[in-house]
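Asker: only geometry, no sequence info:
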C-alpha cells in the first residue's frame, strides 16, 4: 500500500484535504527538512512553495493523525441532535429516493435513511414515533446500530 501525507489547513478544516504528497517520516529531523522539499501531488511545487502559495499554515499528516485529529472530529461535529420535522417532510424523504434500511426498531420507532450520503458515511436518518405521532431527522452513520438509535431516540 502506498502511503501518503495529507495536507490540511488546521485553522480552516472543512472536511477535506487540500492535497496529498508522497510519504515522508515527519517524526525525524531529517524528515521535517525533507518535507519542505518534497513535491506535492498534481503540482510542480514543493510543499514549501505550495504552502506559501496557499497563504501558509498548511500541515502534512499521516492518515492516522489526519483521521483522529481532524476528520473524525469533523464527522462527529456534523451529527447534531435529532430535530423534529413535519409529517410531509418525512413522507417527501421516504418517497424521493429508495429508502435504505427501512425497518421497525421496536413497537414505537420506525426508521430509514436516505440512500444518498450527505458526506462519507453520514446519511439523513428519519424516524417516525408511533406513540406520539411525531417525526425526527438527523445525520447519522449508515453503520449505526439499532441499539444506538433506540438509545438516542428514547432520550428525545
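Answerer: Good, I have the coordinates. Computed from a prediction, not measured in an experiment: that's the story for all the values here. Numbers count the residues shown, from 1 in each chain.

Asker: let me know the outermost residue of this structure.
Answerer: Residue farthest from the centre of the chain, counting by C-alpha atoms, centre = their mean, is residue 30 at 33.2 Å.

Asker: Three-state assignment for the residue nearest to the spatial centre of the chain, please.
Answerer: With distances taken as C-alpha atoms, centre = their mean, the chain has residue 75 as the residue nearest its mean C-alpha position (3.4 Å). The three-state label given to residue 75 by DSSP: H, G, I helix; E, B strand; the rest coil is helix.

Asker: doesn't residue 122 make contact with it?
Answerer: Yes. Using C-beta atoms under 8 Å, residue 75 is in contact with residue 122, at 6.5 Å. Just so you know, the C-beta spots here come from the backbone N, C-alpha and C atoms, and that holds for glycine as well.

Asker: where does the protein dip in pLDDT?
Answerer: The model of the chain has pLDDT under 70 over residues 1-2.

Asker: which parts of it are helices?
Answerer: Secondary structure of the chain by DSSP state H: the helices cover 29-37, 47-53, 63-66, 72-78, 87-96, 146-153.

Asker: check which residues of the first one are buried.
Answerer: It refers to helix 29-37. Taking 16 or more other C-beta atoms under 10 Å as the basis for neighbour counts, the residues of helix 29-37 that come out buried are residue 35.

Asker: hmm, who's touching stretch 99-109?
Answerer: Identification of contacts with stretch 99-109 by C-beta atoms under 8 Å, 6 or more residues apart in numbering yields 94, 110-115, 123, 127-131, 142, 146, 149-150, 153.

Asker: then stretch 27-35?
Answerer: For stretch 27-35, the external contacting residues (C-beta under 8 Å, 6+ apart) are 5, 24-26, 47, 60.

Asker: which residue is the nearest non-sequential neighbour of residue 18?
Answerer: Leaving out its chain neighbours, the residue that sits closest to residue 18 by C-beta to C-beta, 6 or more residues apart in numbering is residue 7, at 4.6 Å.

Asker: do the same with residue 36
Answerer: Nearest residue to residue 36, sequence neighbours excluded (C-beta to C-beta, 6+ apart): residue 48, at 4.2 Å.
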